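*Asks:* 3D model of this:
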Amino acid sequence: TGWIVEQTLAFDNVFVISMIFAYFAIPPQYQHRVLFYGILGVIVLRAIMIGLGAALVHQFSWILYVFSAFLILTGIKMILMADQKPDLDNNRLLMWMRKHMRITNELHGQAFFVSRPDARGHVARHATPLFLALVLIECADIIFAVDSVPAIFAITTDPFIVYTSNIFAILGLRALYFVLS
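*Replies:* Take a look at the predicted model:
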């Protein structure tokens, strides 16, 4: 049951990943690298979130009601925002990275960072669009975990079941992404 809930709640990840890859024009041969590192990040980040959630549920059993209210509110927000198209040009995280990091406009193979001369002629590290795609995919996973982790805690409070159902759902969706693409 936990895996089915996680699988259905995380299905929208596939479309978000596809949108991010299309926005940055990431060719299929480089998408696997981004998703590989994305999965590694998800394994660590979900473990932290589930550990914190399990500690909260163990300490304060009433927190499940707060989780439930949060899920209802996010569902209502999704219904109200259903007709809005996502706009990555105005994504706050992407704008912040572009303002605070040196970023190339073109891909450099599978590299996340490259060394290039800056405006003053000094060699500096620049992030590539592949790195930006990785960061956005990781952030999307965190946002999706905010609703899926409380949902699974409503089914079971066993951290092992919560974690494994999360990870198996994410692994299955990454494979599904390649099938759909």
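
*Asks:* once you drop chain neighbours, what's closest to the residue most central in space within the chain?
*Replies:* Note on the chain: the residue nearest the mean C-alpha position is D141, at 2.1 Å, using C-alpha atoms, centre = their mean. Spatial nearest neighbour of D141, excluding adjacent residues (C-beta to C-beta, 6 or more residues apart in numbering): V42 at 5.1 Å. Backbone N, C-alpha and C define where each C-beta goes, glycine included.

*Asks:* that neighbour: neighbour count?
*Replies:* 24 (other C-beta atoms under 10 Å).

*Asks:* pretty sure it is touching F168, no?
*Replies:* No. The pair V42 / F168 is not scored as a contact, 11.6 Å apart, by C-beta atoms under 8 Å.

*Asks:* select the longest helix from the protein.
*Replies:* Ordering each helix of the chain by length in residues (DSSP state H) puts helix 28-59 first.

*Asks:* who are the packing partners of that helix?
*Replies:* Applying 3 or more C-beta pairs under 8 Å, 6 or more residues apart in numbering; DSSP states H and E, we find helix 28-59 packed against helix 12-24, helix 63-80, helix 129-155, helix 159-180.

*Asks:* ranking these by burial, who's on top?
*Replies:* Among the helices and strands packed on helix 28-59, helix 129-155 has the highest mean neighbour count (mean count of other C-beta atoms under 10 Å), at a mean of 20.

*Asks:* average pLDDT for that helix, rounded please.
*Replies:* Mean pLDDT, computed over helix 129-155, is 87.

*Asks:* got a list of what the nearest residue to S165 once chain neighbours are set aside touches?
*Replies:* Nearest residue to S165, sequence neighbours excluded (C-beta to C-beta, 6+ apart): G2, at 3.6 Å. Under the criterion of C-beta atoms under 8 Å, 6 or more residues apart in numbering, the neighbours of G2 are 152, 155-156, 161-162, 165.

*Asks:* next, the buried residues of stretch 94-112.
*Replies:* Neighbour counts over stretch 94-112 (16 or more other C-beta atoms under 10 Å) mark 94, 97, 103-104, 107, 111-112 as buried.

*Asks:* wait, I meant stretch 38-55
*Replies:* Neighbour-count burial for stretch 38-55 [16+ other C-beta under 10 Å]: 38-39, 41-42, 46, 49-50, 53-54.

*Asks:* between those, which is closest to Y65?
*Replies:* Y65 has its nearest neighbour among these in G53, at 13.9 Å by C-beta to C-beta.
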